[in-house]
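Q: Sequence and predicted structure below; questions after.
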Amino acid sequence: MGKFDHPEEIASTMATDVGGDDSEEYKRGYQDAIRRTHELLGAFQEMEAVKAKSDPHVAWLEEWKVARATWCKAASGHEEDWDKPVVKAMEAEEARLSALIGQTVAKTREGMIAQLDYWIADWGDCHSEEDPSSAVVYSVRQTLAEGQVA
């Protein structure tokens, strides 16, 4: 057991160390404070575990879609009519988000689906669903979405 696993012993030691009395009431106050600290620490650790189970890929994909739509709007018509500063900024944003989506390991099903959705949105129109390599992507995405894997 660790140093903080025995609230009763810690409370007794702390009560006398900080100049308090060694009364049971004083020890109980320390014990309660230590227990509450343990509860808060446990809640914090649970929050961290939940955060670790989520991936940023879904949010990145949504940001990428916005950047792409903004680019498409700014780059409509003849090139001389384009809003070149916006086009340039959105190309950089798309590249940044593409790198994040594609190069960050997804740890959850949702993150993996977002990565596949990104590939389908970015490259899927270049391939038919009957193309064997595309068929793999679509199949894996469907399997993940249906929850057929853990």
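A: Looks like it came in fine.

Q: can you give me phi and psi for Asp131?
A: Here the main-chain torsion angles of Asp131 (degrees, to the nearest 10) amount to phi -60, psi 130.

Q: Domains of this structure: list them as residue ranges, please.
A: The record, using automatic domain parsing to delimit domains, assigns the chain the ranges 7-52, 57-145.

Q: okay, the ones you listed in a markdown table with mean pLDDT and mean neighbour count next?
A: Every residue, glycine included, has its C-beta placed from N, CA and C. What follows is the domains of the chain, written out as a markdown table (pLDDT from 0 to 100; neighbours: other Cβ atoms under 10 Å):
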| stretch | mean pLDDT | mean neighbour count |
| --- | --- | --- |
| domain 7-52 | 60 | 13 |
| domain 57-145 | 87 | 15 |
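
Q: Next up, the contacts around Glu117.
A: Wrong residue type there; residue 117 is Asp, not Glu. Contacts of Asp117 were listed using Cβ atoms under 8 Å, 6 or more residues apart in numbering, and they are 61, 141.

Q: tell me which element it falls in.
A: When elements are defined using DSSP states H and E, Asp117 is found to belong to helix 109-123.

Q: now the helices for this structure?
A: Assigned by DSSP state H, the helices in the chain fall at 7-17, 24-52, 57-74, 84-103, 109-123, 132-145.

Q: Just the C-alphas of the fourth one, formatted as CSV.
A: Think helix 84-103. C-alpha atoms of helix 84-103 as CSV (Å, rounded to 0.1, in the frame of the first residue of the first chain):
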residue,chain,number,x,y,z
LYS,A,84,-7.0,33.9,-53.1
PRO,A,85,-6.2,34.7,-49.4
VAL,A,86,-9.1,32.5,-48.2
VAL,A,87,-8.2,29.8,-50.7
LYS,A,88,-4.6,29.8,-49.5
ALA,A,89,-5.6,29.8,-45.8
MET,A,90,-8.1,26.9,-46.3
GLU,A,91,-5.6,24.9,-48.2
ALA,A,92,-3.2,25.2,-45.3
GLU,A,93,-6.0,24.4,-42.8
GLU,A,94,-7.0,21.3,-44.9
ALA,A,95,-3.4,20.1,-45.0
ARG,A,96,-3.0,20.6,-41.2
LEU,A,97,-6.2,18.8,-40.4
SER,A,98,-5.5,16.0,-43.0
ALA,A,99,-2.1,15.4,-41.3
LEU,A,100,-3.8,15.2,-37.9
ILE,A,101,-6.5,12.9,-39.0
GLY,A,102,-4.2,10.6,-41.0
GLN,A,103,-1.1,10.6,-38.8
